[in-house]
Each structure stands twice: as C-alpha cells, then as structure tokens.
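model this:
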Amino acid sequence: MKSVRFDRLVASTALGLILMLSSHAGMAQQSDVQMTAAVPTPDTTLPPPITAKDLEPTEPTPAPADTAKSEPKQQDVAPPAVEPAKDATAPATDPAKAAAAPVTAPPPVSADSAMTDQLREMITGKQLDRLVSRKADREGVEQFYKARDYKPLWVSEGAADARAKAAIAYLGQVDTVGLDPTDYPTPDFKSATTAAMLAEDELKLTAAVLTYARHAQIGRVHFSRVGADIDFKLVPPEPADVLAKVAAASDTGKVLDGYNPPQAEFKALKAKLAELRKGGSIQAQPDEEGKKEYVRVPDGKILRPGMRDQRVIALRKRLDIAGDKDNPLYDEAVGEAVRTFQTEADINVDGNLGPNTVRALNGEKKVVRGPAADPIDTIIVNMERWRWLPRDLGNPHVIVNVPDYTLTLWNNDKIYWKTRIVVGKPGKATPMVSAEMKFITVNPTWNVPPSIIQNEYLPALQRDPEALDRIGLQVTQDADGTIHISQAPGAGNALGRIRFNFPNKFLVYQHDTPEKHLFAREERAYSHGCMRVQNPLTYGEKLLSLVMPNEHYTEARLESMFGDSEINIDLPKFVWVHLTYQTAFVDENGKLQLRKDVYGRDARMIQILKGSERKVADIGIERKPDPSSRPVRMPVGVYGGGGYYGDPSYGGGYRGSYYSGGYGRSNFFDFIFGGFRFPAR
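This next block holds a predicted model:
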C-alpha cells in the first residue's frame, strides 16, 4: 500500500493556522518597535482530495533536486482545507480568491499612536504624581489630555514639534519679564528613544508651562511671605485652560507672554530691565541728608512761636530751615519745621521747642544707610508686585504709591489728577490692598483705632486724666468694658473735613488733615497707616465729576457742606483704589525713578528670591490676626460710667450717629469708619 503523506498533511494544517493568526488585528499591536520585515509567503495552492488510489502502496521515488521549486504532485496526500476565522461583521469573500491572495505584513504602528498609549497609562496611573507635583495642575492635565483622547500636545511623528520648540525658547528667556528660567526646566526631546521617554518629556514640558503661567499671572513670591499688612485676591489661571489656549494658538510665545501683567507700567519696567542688562546705567541720586550741617541745639527754656532767642539760630541751622539762618525769631516757619521733626521723632507734636524736643534733636544719630540694592533687583521685585494686582484696575481708578508719597486718579488709561500724600511711618505701614471706594464723608467723626488707644492714649490718660479733653477727644466705655475714644467733626478733627472710604480689612482710608506742614517734606511717612491727602477738596471734586457728573460737585459746594454733622455722599459707581509699593517706576518722561525702600519690602522679597525660601516662595503662609485691631477692654467703670453705658446720645450724639444703630449693634468696622453700612448678607 501507498504510504500516507502525513507530513504534508501536518504542514498544510500548520500553514492554515499561520494564515489565520496573521490576519488577527491584535498581532499587529506593538508599543515601541515598528514591524518592518514581511513574513515570506509560502505556496498556498491546495492539493486535490485524497482518493483510494492514494492509499495503495508504491515504490519510493527519489526526491527532486530542487525541492524548493518542485510543484506538488497530484498523487501527494493533501490535507483538508482549513478556513481561517472570519470577523462576524466582515463581508463574505471567495475562499479560492482568499487562498490565492498573497500574505503581507500588518501596517507598522506609528510613534504618535504608541505615545498616546503611554500618555494614557502615565496620566491615569501613578506616574503623573512624580512629573506634576501640584494637585491643581495634575487635575488640569488629566482634564485636558482626556478631552483630546491623550493625543500629545508637544510631539508629532515621534519628535518635538514647532509648538514645543516655541514654548522651550520662550521659557528660556523669561528673565526678560523678571522671572528665572531655571524655575521652568524643559526636557530634551532629542534623547527620547522610546514612546515612554517621549511621553515623559511631554508631561515635563506641560508641567513647566503650567508653573510659568501661574507665576506670570499671580507672582513667583506669595505676598503673605512678605508681610502681614498685604492682602490681594490672587486668581491663578486654570491649568486646563492654559493648555487649551496653547493648543489652539498659532503663536505659542504670544500666548505665554499674555499671562504677564498687561499694564503699561509693567511693560515700561520690562524695557528698563533690558536696558540695564545691556550695560545701561542710571543717574545716582545725591544723598541730600548727608549734606546737611549737623548743629547741636543748646538746652534752655521752652521756646514758642513769637519768641526771640539766640537758640533759634542753632535751631534754624539744625533743621535746615529756608531763609535767613541768623534770624533769632521763632516764626511760623520755625514752628512748622519743629512740628515736622516732632512727628518724625514720634514725640508730642506741639511746635514748641521743649526739653523732649531738644533731647531728640541732639540725640538723633545720623542714619547710616547700607549699600543701595542693585537696581536690577529693585526692578524685578517691583515687576513681581505688579502681578499681585488685578488685571483690570477699573475705570476710573486710584493708585497710591507709598514710597513716592503720591496719589494718582486715572481715567481712560490716562492720569486725570495727582497730589501729594502722607503715609504710614515705618512700623505702622500703609498696607498694600485693592478695595472699592463706596462713599465720601464730609465732617467725619474720628474714631480712634484700638492700636492708638492701647499704645498712646491710655498711657497718656494714666499720666494726665485731662490730656484727651484738651485736644477734643472724648472717652466712652461700653457695658462689656470696651473703650471708645472719638473726636467730633470740626476744623481741628484729625481727619480734617472730608474722608474717602474704601472698606478694607486693614481699616485704613484717605482723609484731610489739619497738619498741612507735612506736605512740604520730601519724605512723608508720618501717619498711623491712613493716607492724608494734600488737596482733599480737589480730590473730591475730581472723583465726583467722574462718577456723578450730573450732580456738578465742586470744591466750593463741598466746602459749603462743612458743619458739625456727618454727611455721606454715596457713589453710584464704586471706584477701585489700589495701594501699591513702587520703589521703581518709569515716569511720564520715560525716565526710571527709584525710591527709598521705606518699609523694607524690597529687601524682604530679594531675600526670598535669593535664599533657600525660594523653593516654596509661591506657597502662601498663615499669619495670625493683627492684635492691634482688636477692641480695647478695661474693667467696667474705669473710664466713664452711669449714662455712658448703652446711651447712644452720649457725646453729642456720636454713638447714635452710626448708621448701624449704635455700638450695641455695630461691629469694629463701623467703629473705625463711623458710618459704613454693611450690605445685607
């Protein structure tokens, strides 16, 4: 009998299995390596069916010389046809044609497709925590990439695309906007040889862009690290929105640059920063204080205006009073100079030359100033502080520049009016804050802040129970022991005749003052934190002309309202007031101006940016509430008594004049502002 060629049967069956498995789509999936070699195609012609004759024994025959080219013989045993599995949704095909079709390799897997799989795995897994440290950024990354089915943002065809190159180039030169490129490390896509490495570089660049956008918009240094007297509402950009804007834009650099402050003042500082780095210079400002002649004032009797004494000559030289230095008359110019000095020295201000004033004059040591900060550092920290301000300053709006001692009213992006101011002395700084001016008070009552009550007036009362009466201050005490000190409206009121109210957590405001002589000083840091305005009636007229033009308020009309009762003018349109600290700014003539770091804010920020704290500088810190704003309480009966308690008519109606209905229903904000009405909650 013929032998059965089971070897052919087995070979044909195996061939069928190969064809079936090769057609399965899952065999084509590769993550990192592309399939490039095609499987050699065997002869798939099926032999005829096996017959009885094929089973008869035959003599063995020699094998052909070239078995690779031999054709299958009709008498060879052929295996039954093995049909590969079909997709249920695929159309039926002719088996004969399918058998005759050549077998080819599946299409190669693209690098972008493989990288998409890697991004999905990294973002949905734990690796994202390692690459993107901030929780809000991770949430934004997940949202953005999921929405685009994990398609890369920075990679195309296995390499960094034009968008990535533009982002890397921009982050490499952010020192031009006052930031440090080392804070935004970018990856080297060229060294990424696998889809996993490319995906990691993708997320590293994404993290760098998100960190930059946040720093550019709200600051590299959180204001809470600089001082407790700073408060701004910072609005960081949404991470997913940042990435979406970049993805949709044709100019990546322009999008990233747009996160910096848009104000012209910021851009002017940017230009000056570039000039200085290219070798530009600024003109040194002479130390006028160092040129003054230091003269000792002799001891003696108290000198008052109108008196003549040879000691006045020494006093004129000591205070560098303009005019005839050899004039022995204690005139008004001398009196004003003495009052200014007393204010600076934080001693009793009466304009007389008494023993305390003489000791202060002679004991005052020349302040030795340390080396001035590098102007580049000064510009950088000022650019940083611009990031804390709102992007929209309002129209109109008010800018107070504390180190420049100026108040500027802006309208339609132009200076509308400007005046001098007096600001808080070191240790009692005017804060940094943005708030809305809501009303103006004519004939304000001055309710003394608790810090002044505690530190100045209570000690004065202990020494002299009549001290406050002599300056027109009245003391009351509530049933819970809270002490209130107030001054009635009038020409001698510490707030003058008009007050500008923009409710804020620091309880400061702008107001008139009877101490006009202080405006003649170049450096005007003498108050307890509030801002004294040199020309308050003009300020009121200018403000009201913008927000209430049909009411025709003028200086004369405001002056006609002077009297003994408070009058509030509510603003139908609130005006934003921004209290800033600009030690570097560019003036109207394009010249860089530098000012003294009155409160040491520059020094503190430079210390943060150049020290170990810089690693966490953008993270805010908790600060304890300022105890100086807490009401002062003493044992009941120590000050006042009887009808003082809960009697709103005491003190000429001052307590009853509060719109909140008296102290019993008011809070401390009412106490300071004397008429502020909180909106219903």
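
okay, CA-based contacts and neighbour counts for the rest of this
Fine.

could you chop this protein up by domain?
As assigned by automatic domain parsing, the chain contains the domains 1-107, 111-221+232-260, 299-363, 374-442+497-561+570-610, 446-487+628-681.

find the nearest non-adjacent residue to P431, please.
Excluding its sequence neighbours, the residue lying closest to P431 (C-alpha to C-alpha, 6 or more residues apart in numbering) is D229, at 5.0 Å.

correct me if wrong: the one you found contacts F506.
Yes: counting by C-alpha atoms under 8 Å, D229 touches F506, with 7.5 Å between them.

show me the shaky parts of this structure.
Under the criterion pLDDT under 70, the flagged ranges of the chain are 1-111, 280-294, 346, 364-372, 638-681.

if you count residues, where's the longest strand of it?
strand 567-580 (DSSP state E).

what's I230 sitting at in phi/psi?
Main-chain dihedrals, I230, degrees, to the nearest 10: phi -130, psi 130.

ugh, typo on my part, it should be V334
Main-chain dihedrals, V334, degrees, to the nearest 10: phi -70, psi -40.

next, count neighbours for the nearest residue to N260 once chain neighbours are set aside.
Spatially, and ignoring its direct neighbours in sequence, N260 is nearest to A216 (4.9 Å; C-alpha to C-alpha, 6+ apart). The tally of other residues near A216 (other C-alpha atoms under 10 Å) stands at 25.

would you say E200 is within a strand?
No: E200 is assigned helix when assessed by DSSP: H, G, I helix; E, B strand; the rest coil, not a strand.

so how far is L210 from it?
Distance of E200 to L210, computed by C-alpha to C-alpha, to the nearest Å: 15 Å.

swap in A274?
Counting by C-alpha to C-alpha, the gap from A274 to L210 is 25 Å.

the two: who's more crowded?
Shown here are A274 and L210; by other C-alpha under 10 Å, L210 has more neighbours (26 against 16).

that one: what secondary structure?
Three-state call for L210 (three-state DSSP): helix.

contacts only, for it.
Counting by C-alpha atoms under 8 Å, 6 or more residues apart in numbering, L210 makes contact with D137, P239, V242, L243.

quick one on the thing from earlier: what's in contact with the longest strand of the chain?
Residues outside strand 567-580 that contact it (C-alpha under 8 Å, 6+ apart): 389, 393-402, 431-444, 502, 544, 547-548, 561.

buried residues in it?
Using 16 or more other C-alpha atoms under 10 Å as the test for burial, strand 567-580 gives I567, N568, F574, V575, W576, V577, H578, L579, T580.

do stretch 335-347 as well
G335, E336, A337, V338, R339, T340, F341, Q342, T343, E344.

let's see which of these end up in helices.
Among the buried residues of stretch 335-347, the ones falling in helices (DSSP state H) are G335, E336, A337, V338, R339, T340, F341, Q342, T343, E344.

in CSV, list those residues along with distance to D299.
Listed next are those as CSV, based on distance: C-alpha to C-alpha, whole Å:
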residue, distance to D299
G335, 17
E336, 20
A337, 18
V338, 15
R339, 18
T340, 20
F341, 17
Q342, 17
T343, 20
E344, 20
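
which SS class is V381?
Secondary structure of V381, per three-state DSSP, is helix.

could you pull up the residues touching it?
V381 neighbours (C-alpha under 8 Å, 6+ apart): G178, D602, M605, I606.

I'd like the contacts of L210 laid out as TSV, including secondary structure and neighbour count.
TSV is the format used below for those (DSSP: H, G, I helix; E, B strand; the rest coil; neighbours: other C-alpha atoms under 10 Å):
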residue	secondary structure	neighbour count
D137	helix	19
P239	helix	24
V242	helix	21
L243	helix	18
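
L409: which of these is nearest?
V242 (33.8 Å; C-alpha to C-alpha).

could you pull out the strands for the stretch 151-300 of the chain?
155-156, 159-160, 230-231 (DSSP state E, counting those that start in this stretch).

nearest residue to the residue most central in space within the chain other than its sequence neighbours?
Taking C-alpha atoms, centre = their mean, the centroid of the chain lies closest to I218, which sits 2.3 Å from it. The spatial neighbour of I218 that comes closest, neighbours along the chain excluded (C-alpha to C-alpha, 6+ apart), is R387 at 5.0 Å.

measure that neighbour to I399 for me?
R387 is 15 Å from I399, by C-alpha to C-alpha.

higher neighbour count, the two?
Ranked by neighbour count (other C-alpha under 10 Å), R387 and I399 place R387 first, with 22 against 19.

can you show me the helices along the stretch 151-300 of the chain?
Assigned helices in the stretch 151-300 of the chain, in chain order: 162-171, 195-218, 239-248, 252-257, 264-277, 288-291 (criterion: DSSP state H, counting those that start in this stretch).

please identify the deepest-packed of these.
Most buried of the helices of the stretch 151-300 of the chain, by mean neighbour count (mean count of other C-alpha atoms under 10 Å): helix 195-218, with a mean of 23.

and the angle from that one to helix 239-248?
110 degrees (axes from the mean of the first three to the mean of the last three C-alpha atoms, to 10 degrees).

chain center to helix 195-218: distance?
Here helix 195-218 is found 20 Å from its chain centre; the criterion is C-alpha atoms, centre = their mean, to the nearest Å.

then stretch 436-452?
Counting by C-alpha atoms, centre = their mean, stretch 436-452 comes out at 29 Å from the chain centroid.

distance of A322 from A491?
Counting by C-alpha to C-alpha - A322 and A491 are separated by 28 Å.
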